[in-house]
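1. Turn this into a model:
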Amino acid sequence: MTGEREYAAIRTMRKSRTTSFYPAFTIVELLIVVIVIAILATISIVAYNGIRQRATDSAIASKESTAKKKLETYKVENDSYPEDQATFDSLTGQKPGDKFYTTYSSSSPHGPYTLFTTGDSSGGGNNDAIANGSFMQSITTANCPTTRTMAVDARDNKTYWVQKLADGKCWMLTNLAYAGGGVNTYSDTIPTGDGSNGTLHGPDNSGSVTYALAKYYIPTGANPTTNPTQPSTSTDGGVTNPQYGYLYNFCAANGGQTGNGACSDSVSTAVNTTISICPANWRLPTQSPTNEFTLLNNAVNSGLTTTDAGLRSEWLAQRSGSWYSGGFNSQGSNGFYRSSTQYSATYGRHLSFFSSGVVMVAGSKLYGFAVRCVAS
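-> So this is what the prediction gives:
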């Protein structure tokens with residue numbers, strides 16, 4: 001009996017020792033394992049993204065190669081390249097919104113031409129940043145680049161800087177210089193005609209003023225640029241290298257629309273904010289119910305109202321002055337930018353800025369002010 005008890009005690013002791021020394025991970029070891037797993041996961045993700053990007057680049061290169069071959073065939077058969085984006089789209093069988101969409105521009109029927117292809121390799125539509133030289137009409141808030149990028153107005157081939165700024169909106173960084181007409185590939189508002197409603201009148205620069213006609217004026221220093229020339233990057237308000245663009249009355253800025261206060265001394269019917277002088281997919285900023293100029297000033301100028309330094313450096317704001325009473329005023333010292341918002345029957349709201357002040361005020365609908373468009 002004594003032997004059995006001793007044997008049982010030995011077994012119990014061995015079991016206890018075995019249990020006590022059962023191997024386990026320390027906290028340090030667990031942390032090391034977690035870190036290693038995280039590193040491996042990061043490497044895998046980076047490798048996957050690289051493969052995905054190469055696949056996207058390959059698809060873009062293939063699409064552009066095919067497009068070039070079709071363009072050269074078209075030129076042989078027609079003795080010219082396509083005249084516009086719509087003809088190019090028909091030639092290549094693509095349509096806006098395609099996963100990989102190529103924009104086309106040509107400075108003459110015989111070239112040279114420019115192609116830019118963008119695409120979203122996830123298949124969610126065209127949400128990648130737009131390439132330098134793309135048409136403005138293909139830019140949206142979603143695909144707007146976060147770095148300064150040159151864009152081309154498909155209507156008349158004029159060029160502008162665009163960028164998504166700190167307020168989250170995609171802005172033109174140079175002043176609009178559109179004078180009507182051009183190519184209507186993107187269902188733009190294109191004032192044309194001989195004096196009927198919607199016609200863009202000018203540049204008489206000293207003619208009669210009116211609420212009912214869409215008028216524009218061309219100051220000294222307008223200096224619009226055309227593809228492939230890049231716009232100005234002046235950060236002194238246009239004192240040097242000005243690019244004032246054209247100055248528009250309230251009617252012209254709002255696309256010459258009738259039946260509301262856009263082209264009349266009335267506030268009985270609200271202005272349609274989806275219609276403006278801006279390219280398709282772009283519009284005038286609003287000051288009501290959302291004051292987009294104030295939000296912009298808060299984001300790029302720290303909300304300061306005693307200096308326009310941030311507007312000049314981030315928004316490339318030009319002190320393009322105004323036109324009223326038969327002449328130009330304040331070029332190089334004051335900037336005035338139209339919104340689509342009315343203040344009264346005869347006044348519209350706008351941004352006014354100069355070296356020592358930034359204010360959101362109201363000015364006559366008759367005056368000529370600069371226009372900066374914002375993407376829809």
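2. make it CA atoms for all contacts and neighbour counts henceforth
-> Noted.
3. Confirm that residue 293 sits in a strand.
-> No. Counting by DSSP: H, G, I helix; E, B strand; the rest coil, residue 293 is not part of a strand but helix.
4. so who does it touch?
-> By Cα atoms under 8 Å, 6 or more residues apart in numbering, the contact set of residue 293 is 285, 286, 287, 351, 360.
5. are any of the residues you listed buried, and which?
-> Buried members of those, scored by 16 or more other Cα atoms under 10 Å, are 285, 286, 287, 351, 360.
6. how about the strands of the stretch 251-376 of the chain, start to end?
-> If DSSP state E, counting those that start in this stretch is used as the criterion, the strands of the stretch 251-376 of the chain fall at 282-283, 322-324, 327-329, 335-342, 347-354, 357-364, 374-375.
7. For the first one, give the mean pLDDT please.
-> Meaning strand 282-283. Mean pLDDT, taken over the full extent of strand 282-283, equals 96.
8. Figure out which of the strands of the stretch 251-376 of the chain is closest to residue 236.
-> Nearest to residue 236 among the strands of the stretch 251-376 of the chain is strand 347-354 (10.7 Å), distances taken as Cα to Cα.
9. and the closest one, what other elements does it pack with?
-> With contacts defined as 3 or more Cα pairs under 8 Å, 6 or more residues apart in numbering; DSSP states H and E, strand 347-354 has these neighbours: strand 335-342, strand 357-364.
10. and that strand, how far out from the chain's middle?
-> Relative to the mean C-alpha coordinate of its chain, strand 347-354 is positioned 22 Å out (Cα atoms, centre = their mean, to the nearest Å).
11. ok, now stretch 245-259?
-> Distance of stretch 245-259 from the chain centroid (Cα atoms, centre = their mean) equals 21 Å.
12. What are the buried residues along that stretch?
-> The neighbour-count check on stretch 245-259 (16+ other Cα under 10 Å) flags 245-258 as buried.
13. cool, and stretch 65-79?
-> By neighbour count on 16+ other Cα under 10 Å, the buried set for stretch 65-79 is 67, 70, 71, 74, 75.
14. now stretch 138-154
-> Using 16+ other Cα under 10 Å as the test for burial, stretch 138-154 gives 138-146, 148-154.
15. Those residues: which two are farthest apart?
-> Counting by Cα to Cα, the most remote pair of these is 146 and 154, 21.4 Å apart.
16. Output the below-cut-off pLDDT ranges for the stretch 101-250 of the chain.
-> Low-confidence segments of the stretch 101-250 of the chain, defined by pLDDT under 70: 107-108, 118-130, 192-198.
17. where exactly do the strands run in it?
-> Under DSSP E, counting those that start in this stretch, the stretch 101-250 of the chain gives strands at 113-119, 134-135, 149-152, 158-164, 170-172, 200-201, 214-217, 225-226, 247-248.
18. May I see the ones you listed arranged in CSV, with distance to residue 187 as well?
-> As requested, the strands of the stretch 101-250 of the chain are exported to CSV (distance: least, Cα to Cα, whole Å):
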stretch, distance to residue 187
strand 113-119, 21
strand 134-135, 14
strand 149-152, 16
strand 158-164, 17
strand 170-172, 20
strand 200-201, 17
strand 214-217, 19
strand 225-226, 21
strand 247-248, 21
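19. Residue 319 is nearest to which of these?
-> Closest approach to residue 319 among the strands of the stretch 101-250 of the chain (Cα to Cα): strand 247-248, 11.8 Å.
20. Packing partners of that closest one?
-> Going by 3+ Cα pairs under 8 Å, 6+ apart, strand 247-248 lies up against strand 214-217.
21. Excluding chain neighbours, what is closest to residue 354?
-> Residue nearest to residue 354 in three dimensions, not counting chain neighbours: residue 334, with 4.8 Å by Cα to Cα, 6 or more residues apart in numbering.
22. wait, I meant residue 110
-> Counting by Cα to Cα, 6+ apart, residue 80 is the residue found nearest to residue 110 once chain neighbours are left out, at 5.1 Å.
23. If you tally nearby residues, what's the number for that neighbour?
-> As a burial measure, residue 80 scores 16 neighbours (other Cα atoms under 10 Å).
24. Do I have it right that it meets residue 74?
-> Yes. Using Cα atoms under 8 Å, residue 80 is in contact with residue 74, at 7.3 Å.
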